[in-house]
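**Q** no sequence for this one, just the structure:
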């Protein structure tokens, strides 16, 4: 029997950032029982911070360097990568990750564009793919493409169909919504204006939607994203769920600007599509305030609450 299968594994992220600080603050705020959490960190460094209210198990990861708050280092990249890899190896109930630096990953020789890609590398089997879903109080956004340059975005029928089917299955299993309703963002301004402002909607996106309809998926035609999120924002501020169960964005900033503007530090990054759900704060390492004990743990608190 796996001793971690009912525990949430928390990694403390880049050692030169705010990860350890927000982990301790979040856990002290939530007061979760000892047997529900395992922390993957460097124990010596962890013990230099404020004390935890509860005594959680710690898996100690070597750090072969000096802590340099606010700095990009190869050593911090290697350390944060090893923490995440260890979390995958122990196969916990869920994983919560504090922020890492992609640049530090690269300095250490780990050519991954983020933690989502690392999780997919170590946890995916058969045809599984990791997807990036952002959530906050009934406002959910899926990204069709993740960390890539705008010039490299390639939206295909297969991409849309595969990711929407994966999202649909997640909503059925995790949220118990048998027929979720999805809103699909257009790629071009005004959904292409009948091909005047771009032909991707006509040539690629609408045909994908039609095929999804034949599979019983409740999804809109591509809608202009400059107005699509307005009602979601209004509902959020009125403590109501968004009109759609999930908004599907074509690229990173199209989806994250609306939800982060509205939900701010209550936004959680959720990795779905694998056997283990991972959540993370929606912010980065905050190198500019690292080591000052002024970091706001709100997003980390929400990330942990998502998997309790």
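**A** Okay, I see it. Predicted, not measured: the structure shown is a model, and the values here were computed from it.
**Q** Please count neighbours and contacts with C-alpha atoms only from this point.
**A** Noted.
**Q** all helices for the stretch 1-150 of the chain, in order.
**A** 19-30, 43-46, 74-90, 102-107, 115-123 (DSSP state H, counting those that start in this stretch).
**Q** out of those, which comes closest to residue 266?
**A** helix 19-30 (12.8 Å; Cα to Cα).
**Q** by contact count, what packs against the closest one?
**A** For helix 19-30, the packing partners by 3 or more Cα pairs under 8 Å, 6 or more residues apart in numbering; DSSP states H and E come out as helix 298-305.
**Q** Does anything pack onto the helix it packs on? Which helices or strands?
**A** Under the contact rule (3+ Cα pairs under 8 Å, 6+ apart), helix 298-305 is packed against helix 19-30, strand 268-272, strand 277-281.
**Q** In a markdown table: the ones you listed, plus mean pLDDT and mean neighbour count.
**A** As requested, these are arranged in a markdown table below (pLDDT from 0 to 100; neighbours: other Cα atoms under 10 Å):
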| stretch | mean pLDDT | mean neighbour count |
| --- | --- | --- |
| helix 19-30 | 98 | 21 |
| strand 268-272 | 97 | 25 |
| strand 277-281 | 98 | 26 |
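**Q** Make CSV from those and add distance to residue 202 to it.
**A** CSV is the format used below for the helices and strands packed on helix 298-305 (distance: least, Cα to Cα, whole Å):
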stretch, distance to residue 202
helix 19-30, 44
strand 268-272, 29
strand 277-281, 35
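**Q** before we move on, back to that, format the helices of the stretch 1-150 of the chain as JSON lines; extra columns: distance to residue 210.
**A** Conversion of those to JSON lines gives the following (distance: least, Cα to Cα, whole Å):
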{"stretch": "helix 19-30", "distance to residue 210": "44"}
{"stretch": "helix 43-46", "distance to residue 210": "52"}
{"stretch": "helix 74-90", "distance to residue 210": "37"}
{"stretch": "helix 102-107", "distance to residue 210": "37"}
{"stretch": "helix 115-123", "distance to residue 210": "29"}
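**Q** between those, which one is nearest to residue 170?
**A** Distance to residue 170, taken as Cα to Cα, is lowest for helix 115-123 among those, at 15.9 Å.
**Q** pLDDT (mean, whole number) over that closest one?
**A** Computed over helix 115-123, the mean pLDDT rounds to 97.
**Q** closest to residue 269 out of the helices of the stretch 1-150 of the chain?
**A** When the helices of the stretch 1-150 of the chain are compared by Cα to Cα, helix 115-123 sits nearest residue 269, at 9.7 Å.
**Q** which residues are in contact with the closest one?
**A** Helix 115-123 has contacts (Cα atoms under 8 Å, 6 or more residues apart in numbering) with 84-85, 88-89, 100, 112, 129-132, 271, 274-276.
**Q** In the sheet, which residues pair with residue 223? Tell me.
**A** Judged by DSSP bridges, the bridge partners of residue 223 are residue 185.
**Q** What number of residues are in the vicinity of residue 2?
**A** 8 (other Cα atoms under 10 Å).
**Q** ditto for residue 185
**A** That count, for residue 185 with other Cα under 10 Å as the rule, works out to 26.
**Q** hang on, isn't it packed against residue 226?
**A** No - if you go by Cα atoms under 8 Å, residue 185 and residue 226 don't touch, sitting 9.1 Å apart.
**Q** if I look at the most centrally placed residue in the chain, how far off is residue 96?
**A** Nearest residue to the geometric centre of the chain (Cα atoms, centre = their mean): residue 269, 2.5 Å. In this view, residue 269 and residue 96 are 10 Å apart by Cα to Cα, to the nearest Å.
**Q** Please look at residue 10 and residue 95 and confirm they touch.
**A** Yes - using Cα under 8 Å, residue 10 makes contact with residue 95 at a distance of 5.9 Å.
**Q** Quickly list what's touching both of those two.
**A** Joint contacts of residue 10 and residue 95 (Cα under 8 Å, 6+ apart) are residue 87.
**Q** re earlier: residue 63: which of the helices and strands packed on helix 298-305 is closest?
**A** Closest approach to residue 63 among these is made by helix 19-30 (13.8 Å; Cα to Cα).
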